[in-house]
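Peer 1: I would like the atomic coordinates for the input below:
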Amino acid sequence: MKKVVIGFFVFLALLFAVAALVPFLFKDKIKGALDKEIARNINASVQYKTEDVSLSLLRDFPNMSLGVENLLIVGQDSFATDTLARIPSFRMGLDLMSVITGNEVKINTIQLNDPTIRLLVLKSGKANWDIFIADTAATAAADTAASDFRMAIKKWDITNGTLFYDDLSIPFGVSAYNVHHTGSGDFEKSVFDMVSKTTADRFVMTYDGMNYIENAKLDADVTLAMDLDKYLYTFKDNNIRINEFPFQFAGTILMPEENIDMDLTFKATETDFRNVLSVVPGMYQEDFKDIKTEGRLSFDGYLKGRMNDSLMPGFGTELKIMEGMFKYPDLPQAARNINLDMRIDNKDGDLENTIIDVRKLHLDLGKNPIDARVLVQGIETMQVDGNVRANIDLDEITKVFPVEGMTLRGLLKVDADAKGTYSKTSMPVIDADMRLTNGYVKSKDFPAPIQNLSMVTNILNKTGNTDDTRINVEHFKMTLDGEPLEGRVLVQGIDKPVFDGQIKGILDLTKLTKIFPLDEMTVSGRINANVAAKGKMSDIEAEKYTNVTANGTMAISNLNFVSKDLPQGIKINSADAVFNNERIQLNNMKGFLGKSDIQASGTVSNYLGYALAENQPLRGNFNLISNTFNVNEWMVDENTGQTTAATTEAEGVVEVPDNLDITLNVDAKQVLYDNLKLSNVDGRVLVKDKVARLETVKFSTLGGTFVTSGSYNTKNLQHPLFDFKLDIQNLNFKEAFNAFNTIQAIAPIAGLLEGTFSTKFNLAGEIGQDMTPVFKSMDGAGIIEVVKAAVKDVKIVDQISSLTRFDELKSFVIEHKKIDAQIIDGSLVIKPFDMKIGNVNMTVGGTNNVNGNIDYVTALNVPAGKVGRELNTRLASLIGNEDLKNSERITLNLNIGGTLSQPRVALAGGSVKAQAKDLVQSAVQNKVDDAKLQLEQRKQQLQDSVKNELDRKRVEAENKARQELEKKRLEAEQQIKKQATNKITDLLKPKAKPAPTQPDTTKAGNN
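Peer 2: Sure, this is the predicted structure:
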């Protein structure tokens, strides 16, 4: 017995040892197979880390468990920034023996925990889940290498999933939250039953921006008979429930290739009105169980036909509600006599053949009857025939529906008829009246009600022509806390409307938004307006403002606006505006943009065209005064919508609006931008046609003064351009280096100099998508004046001093030296300039580029006898001993390369006759010529590539046109031959004998 016990424990130890060793022995093999399968079959970026891959024999015994944590699948091309799936935990159960013995790994189970899956279809029909490599490529790959994985799945499980589906081409969307899904089936067989169960705590279905099912609960048990050889799937036992609405499917889906053939029917499995009421948006709340209901329903439908990229199946549904009723337990009245008879039918899948027929809709809200019917045929072009009749006491509605915290009163009457064609160019003959009298609205959050609310509106069209439409709000009146507001508006025509309207009174936004709260937005303040406008839209579009009558005044006080998209907020303490036909005169506006104080005045013109017509600019001329304006507060990250410091890399190019034509005269005592403080900012900014122009903008910063003019051009948003003229006086070298990335890139030596400089420089180039200059695109020219610069501890001059043995070159001061400079192809070119340092005459010139490489030539005219022995020996070999001995001064030619931090200084030559300036001038000119040549070559290459692409497209279009012509010619020949054959056949065909004439028994006298 003892040996048996010992043997048993030895066996357990060996078993656990094997369980521990097997994952390590096969981990690399399985991971390699997984990577290989992804590369072979998936056309997407599948991202995971090696350390997040795990294997376990004990977790899912007898299967081996392969786990991948933090799995991410990102699309490509149009979906390169789209996350298709984010799966924190992904596991596969692998058949252990297939791992150990074979080259093919068998997958038995799949488990996903907390996945988020986003399915998206673009308007073009392209789907982000279409990531599997085409069958032809897969077949070709299969010829050389078989798949390393075999799908023998018997069970799968999704826990706490989140699913989003958006089809922009329809447009249709579905969202499901806290999704739990389990499924089972033997995929090693060709014919089997697949059983699945799916639940979701929140289910939303949207069509064309409207939620038809909202925050519903989903529970679905579905059994499909699977025939994998025939690609045939048959609904067997299935029960699907949305909230309390249960229904079933029956029929088949056949999808052998790209076509999907459907023959499905569905129907409600219960006939209580309560069931369909539970899916009405807003009805299914926590207290739904307490709502009393009566009535019956019938619901069924079908999907039949073929679906592919160009076809849809036929579809239809019928819904009938008979004698429905619902009553909330805490409310005195019920909605009764709810009767609905409607059908949607489309036999062939062509949306233009869709019929929506609401034969009858009736309900009584308390004592208020509502009746409607409508027949719609077609989608793009609709044939409409319908009417609505309703007499509603708003007080009665609150006795039927719970309207929490709100008191409503008033009589609302709706009487509308419509019949005819609705399309882009026509509309039904329509006569619709809506009248509200003695309206009253009171919110629990604000004690003062809206009183004396009345409105009379009529929409009339007698011909069906859109231009004959007449929308007339005869009057609108209300009183809020004793302050009146009234208005009227008449619009005739749709495409080129004629309008006549007026609004007069006080609008207290603080009180109004307490009664009607706004989502993610806070608005307060008072507007006192008396504005009228009358005219034709065609005159506004033609800018014939003399034909338009517009006048009035508006006073704004204590206006505050904060929203999710504008968290900085806008505050207008006071402002007055006077209107006429052409412009608005803005006077004495005082307030804050975020934390920045502003005072503004000026004019706005073409405001009617901007507000009412398309593609018309808003023109204006403003004077803006500020004590402190913080630009950093308005730097917005486009991805998060949150403000961020300007030092953070911008996400995308800032676009100048194309519908503004604004002149802004700025006078700001201080402007904060990035880490700079700009003082006494004064100048003019013009915004027009996607270009912002600066005209003589002056400011001071870093101890220097700036005057700049130029432009920022976003007409091509992929390649925005800038072009500026700079006039800078007395700017500190090191502060300029620390503050401006352009100086860091093209003139890094500024960071090593002590002193100040001035410059007049013209600069142009392209702005990158991160809102920094594309340095390789920059060109410019100007003069740099070194006011005073102390050169000390600079490696270049230290090496020159060491080479020449002139100690005075280690530290010296440059004063009032003007230097000609040029930027070519992103490289800074310093034209030769002279300096005298002690007994040394020095000429310097050369280039440095944005990569940090320097290429300079320096000529030193020095006393012949004072150079070091080593250098003297080298000079003797270059010049000759005799010339060297007989010369009082010699010229050294030095080449400087490398980088600023690791320079290389070398003797390139020497002379007793050559002038230092001539040597440097010649060398620098050669560098300039080379740079210009390379720039021209690159421009030519770009032009050639563009021309080649245009030629390729032209030839392609010509070939396509030629093929189309040849195709049509052959079709015409075949048609002619067919017609000729038919005619010959008709000629040769025997003539049929005429039928014998029967006597006419209808005439008088024939008996």
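
Peer 1: how about the helix or strand containing Asn275: buried residues?
Peer 2: Assigned by DSSP states H and E, Asn275 belongs to helix 273-277. The neighbour-count check on helix 273-277 (16 or more other Cβ atoms under 10 Å) flags Phe273, Arg274, Asn275, Val276, Leu277 as buried. For glycine as for every other residue, the C-beta is placed from the backbone atoms N, C-alpha and C.

Peer 1: and for it, what are the contacting residues?
Peer 2: 244-246, 268, 283, 291, 293-297, 299, 319, 321-322, 324-326, 338 (Cβ atoms under 8 Å, 6 or more residues apart in numbering).

Peer 1: now the strands for the stretch 151-300 of the chain?
Peer 2: 172-184, 191-207, 210-227, 232-242, 245-254, 260-268, 292-307 (DSSP state E, counting those that start in this stretch).

Peer 1: Ignore what I typed, I meant the stretch 351-500 of the chain.
Peer 2: Counting by DSSP E, counting those that start in this stretch, the strands of the stretch 351-500 of the chain are 355-365, 368-377, 382-393, 406-422, 429-443, 446-461, 470-480, 483-492, 498-508.

Peer 1: just how off-centre is the last one within its chain?
Peer 2: I take that to be strand 498-508. Chain-centre distance of strand 498-508: 36 Å, with Cα atoms, centre = their mean, to the nearest Å.

Peer 1: how about it: buried residues?
Peer 2: Val498, Phe499, Ile503, Gly505, Ile506, Leu507, Asp508.

Peer 1: between these, which is closest to Asn41?
Peer 2: Nearest to Asn41 out of the buried residues of strand 498-508 is Phe499 (Cβ to Cβ; 60.5 Å).

Peer 1: What count of nearby residues applies to Leu559?
Peer 2: The number of residues packed near Leu559 is 19, by other Cβ atoms under 10 Å.

Peer 1: same deal with Asn391?
Peer 2: 15.

Peer 1: The one 5 residues further on now?
Peer 2: For Glu396, the tally of surrounding residues (other Cβ under 10 Å) stands at 19.

Peer 1: pretty sure Val531 is in contact with Ala577, am I right?
Peer 2: No - counting by Cβ atoms under 8 Å, Val531 does not reach Ala577; the two are 9.3 Å apart.

Peer 1: okay, and the common contacts of those two?
Peer 2: Contacts common to Val531 and Ala577, judged by Cβ under 8 Å, 6+ apart, are Thr553, Met554.

Peer 1: Surely Lys967 is in a helix?
Peer 2: Yes - applying DSSP: H, G, I helix; E, B strand; the rest coil, one finds Lys967 inside a helix.

Peer 1: Quick check: the gap between it and Lys960.
Peer 2: Applying Cβ to Cβ, to the nearest Å, the value for Lys967 to Lys960 is 10 Å.

Peer 1: Need phi/psi at Ser423.
Peer 2: phi -150, psi -170 (degrees, to the nearest 10).

Peer 1: So Glu808, which state does it fall into?
Peer 2: Per three-state DSSP, Glu808 ends up helix.
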